[in-house]
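A.B. asks: Sequence plus the predicted model coming up.
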Number of protein chains: 2
Amino acid sequence: MASKSEKTRKRILDAAASVLSQRGYAGMRLGEVAQVAGVQAPAIYYYFASRDELVEEVMWAGAHDVRIHVEEAVAALPDGTAPLDRIMTAVDAHLRYELEISDYATASIRNARHVPEALRDRPAAEESLYSHFWRDLFEAAKKEGTIRDDLDATTFRMLLLGAMNWVVEWWRPETRGLDEVIAVAQDMVRRTVTDQEVRDPGRGRRSLS
Amino acid sequence: MASKSEKTRKRILDAAASVLSQRGYAGMRLGEVAQVAGVQAPAIYYYFASRDELVEEVMWAGAHDVRIHVEEAVAALPDGTAPLDRIMTAVDAHLRYELEISDYATASIRNARHVPEALRDRPAAEESLYSHFWRDLFEAAKKEGTIRDDLDATTFRMLLLGAMNWVVEWWRPETRGLDEVIAVAQDMVRRTVTDQEVRDPGRGRRSLS
DNA sequence: AGCATTTTTTAATACAGATTCATATTCGAG
DNA sequence: CTCGAATATGAATCTGTATTAAAAAATGCT
């Protein structure tokens, strides 16, 4: 099952995700990946056909994992959870996963538009599913009447995703707690989306203490 | 004046900004830069010591130009313009410049954390000035009382800049008017930042910690 | 243990671009 | 219009990294 071989492959992939997330596509060297994985560089070729194939798998996994993680977090909410609260949970899950949990996610977000076009297809398909998921979240809220009619929800969704994705470029855990970032992002959504009102306390996910 | 030489140098720089903004640091080839500039690749070395020096100059110019453009747009407002309106103008200027006007700005935003560290110092100094400018804008609004006390303005500012910077990753002029994007971004700021009445029957204005 | 297969290593090669060089062309002052 | 300096080119080189190849080591099966 978790054979030696499978574990080595995983170590290489993890190392690639880490290096890619820190150095970016241009700065990633197979030598460093190998070193982090505790292996010699040519060993990588036993598992991957090329550097680009390795990168593609990291990028795909990152896009996939974020999507699954966020979808599951939302799916785990009790039935009848308000659409806006689902969005709050999605914001929380996206930021936590991207910033605290997964190098794959970080790598995927930072490098999506920096890798050669030939590598983008599979990851892009995942991103498309993810984007669709968010669209559904917002449409449910709109249908319910939580989102004011005069908001261009699609554009706002893009801005929100952008704000969250860009956090990897500036956030440092030693400077600011992640909880604060999440709280502000959620606040921004709630206030932008709703019609001049804030939901009853106790319902929304509010991670201020 | 605008000697032939100076014009050629400018053409090369413009070409580099264009290629860098589209292909990213990893994808930029001196061959393509030369082709766009209408020159042979080695000619670049008459004006720049290396590929990286060329990149650094583009990055610096991008960071510098955005800053100047936005600062001037704000400075051009009538005396006594409300702090919040200054912020709105800054949002407008930043997005317009980044998306419609300057390849340098686009290149600088997209590649800031993708170029080798050795190239980051000069551009980073510009970014720091720009960041400081935004801090001042928000502090003026806070001092005036426009920004609600319970908002973590610093974090919000970072999220806002991120949302705006990320627009280069998804916006396509043929899909959505830039004016709409700007309007939504401004709306997001206004609603997040200002103190709105809470419609929460039976309870007074709620205060978050 | 002995042997075939899988995995990993060390040493060699390939290659895409950046960079240099020697030479040609263009420019502009006189 | 001419000649020295500035600018640009084509062909050659250099370099860092990815990639292969050949050999060695580890694994696991009977």
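C.D. replies: Looks like it arrived, so ask away.
A.B. asks: Correct me if wrong: residue A:95 contacts residue A:183.
C.D. replies: No: contact criterion Cβ atoms under 8 Å: residue A:95 and residue A:183 do not qualify, at 10.2 Å. Every C-beta, even on glycine, is put in place using the N, C-alpha and C of the backbone.
A.B. asks: now chain A, which segments are flagged as low pLDDT?
C.D. replies: Across chain A, the ranges flagged by pLDDT under 70 are A:1-2, A:196-209.
A.B. asks: Could you look up the SS state of whatever residue of chain A ends up closest to DNA strand C?
C.D. replies: Here the residue of chain A nearest DNA strand C is residue A:5; by Cβ to the nearest atom of the strand that distance is 2.7 Å. Secondary structure assignment for residue A:5 (DSSP: H, G, I helix; E, B strand; the rest coil): helix.
A.B. asks: Neighbours of residue A:43, how many?
C.D. replies: 13 (other Cβ atoms under 10 Å in any protein chain shown).
A.B. asks: Now do the helices in chain A.
C.D. replies: Applying DSSP state H to chain A gives helices spanning A:4-27, A:30-37, A:44-47, A:51-75, A:83-96, A:103-111, A:121-144, A:153-170, A:178-193.
A.B. asks: quick one: buried residues of the last one?
C.D. replies: Judged by neighbour count using 16 or more other Cβ atoms under 10 Å in any protein chain shown, the buried positions of helix A:178-193 are A:178, A:181-193.
A.B. asks: I'd like to know which elements it is packed against.
C.D. replies: Where contact means 3 or more Cβ pairs under 8 Å, 6 or more residues apart in numbering or on different chains; DSSP states H and E, helix A:178-193 is packed against helix A:83-96, helix A:153-170, helix B:153-170, helix B:178-193.
A.B. asks: JSON lines for these, including distance to residue B:136?
C.D. replies: Formatted as JSON lines, these follow (distance: least, Cβ to Cβ, whole Å):
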{"stretch": "helix A:83-96", "distance to residue B:136": "27"}
{"stretch": "helix A:153-170", "distance to residue B:136": "18"}
{"stretch": "helix B:153-170", "distance to residue B:136": "11"}
{"stretch": "helix B:178-193", "distance to residue B:136": "15"}
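A.B. asks: Identify whichever of these lies nearest to DNA strand D.
C.D. replies: Between DNA strand D and the helices and strands packed on helix A:178-193, the shortest gap by Cβ to the nearest atom of the strand is with helix A:153-170, which sits at 22.2 Å.
A.B. asks: quick one: that closest one near chain B?
C.D. replies: Yes: for helix A:153-170, a contact with chain B is found by Cβ under 8 Å from any Cβ of the partner chain, at A:154-156, A:158-167, A:169-170.
A.B. asks: Around the closest residue to residue A:47 other than its chain neighbours, count how many other residues there are.
C.D. replies: Closest residue to residue A:47 apart from its sequence neighbours, by Cβ to Cβ, 6 or more residues apart in numbering or on different chains: residue A:9 at 4.7 Å. Residue A:9: 17 surrounding residues under other Cβ under 10 Å.
A.B. asks: Please report the distance of residue A:9 from DNA strand D.
C.D. replies: Distance, residue A:9 to DNA strand D, using Cβ to the nearest atom of the strand, to the nearest Å: 14 Å.
A.B. asks: if we can go back for a sec, closest to residue B:63 among the buried residues of helix A:178-193?
C.D. replies: residue A:181 (24.0 Å; Cβ to Cβ).
A.B. asks: so who does that closest one touch?
C.D. replies: When the contact criterion is Cβ atoms under 8 Å, 6 or more residues apart in numbering or on different chains, the partners of residue A:181 are A:95, A:99, A:167, A:171, B:155, B:159.
A.B. asks: and the spatially closest residue to the last one that is not a sequence neighbour, how many neighbours does it have?
C.D. replies: Going back to what we said before, that points to residue B:159. Nearest residue to residue B:159, sequence neighbours excluded (Cβ to Cβ, 6+ apart): residue A:163, at 4.3 Å. The criterion is other Cβ under 10 Å. On that basis, residue A:163 has 28 neighbouring residues.
A.B. asks: Same question for residue A:118.
C.D. replies: By other Cβ under 10 Å, the residues close to residue A:118 number 8.
A.B. asks: Let me see the contact set for residue A:34.
C.D. replies: Listed by Cβ under 8 Å, 6+ apart, the contact partners of residue A:34 are A:12, A:15, A:40-41, A:43-44.
A.B. asks: what about 7 Å?
C.D. replies: By Cβ atoms under 7 Å, 6 or more residues apart in numbering or on different chains, the contact list for residue A:34 reads A:40-41, A:43-44.
A.B. asks: Would you mind measuring from it to DNA strand D?
C.D. replies: 9 Å.
A.B. asks: State the distance from that residue to residue A:135.
C.D. replies: Note on residue A:34: its distance to residue A:135, by Cβ to Cβ, to the nearest Å, is 41 Å.
A.B. asks: Flag every residue of chain A that's near chain B.
C.D. replies: Residues of chain A found near chain B (Cβ under 7 Å from any Cβ of the partner chain) are A:24-27, A:113-114, A:116, A:152, A:155-156, A:158-159, A:162-163, A:165-167, A:169-170, A:176, A:180-181, A:184-185, A:187-188, A:191-192, A:196-198, A:200-201, A:208-209.
A.B. asks: thinking again about what came up before, for ChimeraX, write the select line for the buried members of the contacts of residue A:34.
C.D. replies: Listed next is the ChimeraX selection for buried residues among those, using 16+ other Cβ under 10 Å:
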select /A:44
